[in-house]
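Undergrad: sequence first, then the predicted structure:
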Amino acid sequence: MQNVGSSGIGTNTGSLAVKVLREADFLTYGLAGILAGTLTETILHPLTTVRTRIKANAKEFMTLKAQTKSLYQTEGLRSFYRGFSCTLFNGIFANWTHFYFYEKGKELLKREANMHHDMAPFFSAYVGGMLANIISIPCVVVRTRMQLEPGSYDYRNISDGFRKIVRREGFTKLYLGATIFLTLDAIDASFTFGFYELLLKIFRPYFNLKEQDKHLGLILASSLTSALSAVISNPLDVILTRTQMVDTSIHNKEKVFPLIRRIYREEGAMGFMKGLTGRIAHFAVYNMLLFPFYEHFKSVFELE
């Protein structure tokens, strides 16, 4: 009897040790996500600023090149880094949340729900993205307003923006455009992560195990994924920017469908495609950097 009991205790202890080690792995996935995401978002922040200006401009359709030139000539180089404190804060906290729940959810869905391996990344990325958005939405609201023309808002940094929005407009306005943001991010996250893993699986047989060929496969999968996601979600991105830039202490928040009708009436169907070139470029570079960075840090931390 003692031998059986000892064996049971040993098995339980071993099982617990495996769970503890596995949880440590998931925490480290989150750390790899912080490093990969923050590096990528730091590099791309100037492009985000240019895209925000293009989408916010209801008077004319500016190309990416024209808006970049105009911003540099009128406001200088520092203007490209407006709202960077929001990007940094979001990069640390939202990316950890996203990648932790993405990896953990993927394993749980495969093991517990017996979901097909190709479908699990779509659902786990969606859940991880939704949870990360609790942090992301207020950051994006403040960043969008800070990236507008000087004088639009007087936020010095992310904490100053949070305080002034709560004091002037109320706490709920930190989540201005949340429904649109959640829909947009769900599409982006699900398509980006899901198609990335699916395309990588498709391309893998065509590349041998040499390191340079592996990275070529990552880049090709990332590029195609980014183009698909950007085109599908750009109209929502325009609507989100127009919603979040409204100072609700002065103007009433415009409802989504009247806003859609107004954009179509005043700017035409192409109004919903404003910033598309920048969005494709942003997604392409973002994914070309994010996933190789992520795979690199997973390798550094000796994760699967």
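TA: Good, I have the coordinates.

Undergrad: how about low-confidence regions in the stretch 201-304 of the chain?
TA: Across the stretch 201-304 of the chain, the ranges flagged by pLDDT under 70 are 206-219, 222, 304.

Undergrad: sketch out the helices for it, chain order is fine.
TA: Secondary structure of the stretch 201-304 of the chain by DSSP state H, counting those that start in this stretch: the helices cover 211-244, 256-267, 276-300.

Undergrad: tell me the angle the second one makes with helix 211-244.
TA: Orientation check (axes from the mean of the first three to the mean of the last three Cα atoms, to 10 degrees): helix 256-267 against helix 211-244 gives 100 degrees.

Undergrad: all helices for the stretch 51-200 of the chain, in order.
TA: So, for the stretch 51-200 of the chain - with DSSP H, counting those that start in this stretch - the helices run 64-75, 84-111, 120-146, 158-169, 178-203.

Undergrad: Serialize these to TSV and add fields for distance to H251 and mean neighbour count.
TA: Glycine gets a C-beta too; all of them are placed from N, C-alpha and C. Below are the helices of the stretch 51-200 of the chain laid out as TSV (distance: least, Cβ to Cβ, whole Å; neighbours: other Cβ atoms under 10 Å):
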stretch	distance to H251	mean neighbour count
helix 64-75	24	15
helix 84-111	22	21
helix 120-146	13	23
helix 158-169	11	16
helix 178-203	17	19
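
Undergrad: ok so, going back, now tabulate the helices of the stretch 201-304 of the chain in CSV and tack on mean neighbour count and distance to I92.
TA: Written out in CSV, the entries for the helices of the stretch 201-304 of the chain read as follows (neighbours: other Cβ atoms under 10 Å; distance: least, Cβ to Cβ, whole Å):
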stretch, mean neighbour count, distance to I92
helix 211-244, 19, 21
helix 256-267, 14, 31
helix 276-300, 20, 14
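
Undergrad: give me the pLDDT value at E75.
TA: Residue-level confidence at E75 comes out at 95, pLDDT.

Undergrad: sorry, slip of the keys, the one I care about is D185.
TA: For D185, the pLDDT comes out at 76.
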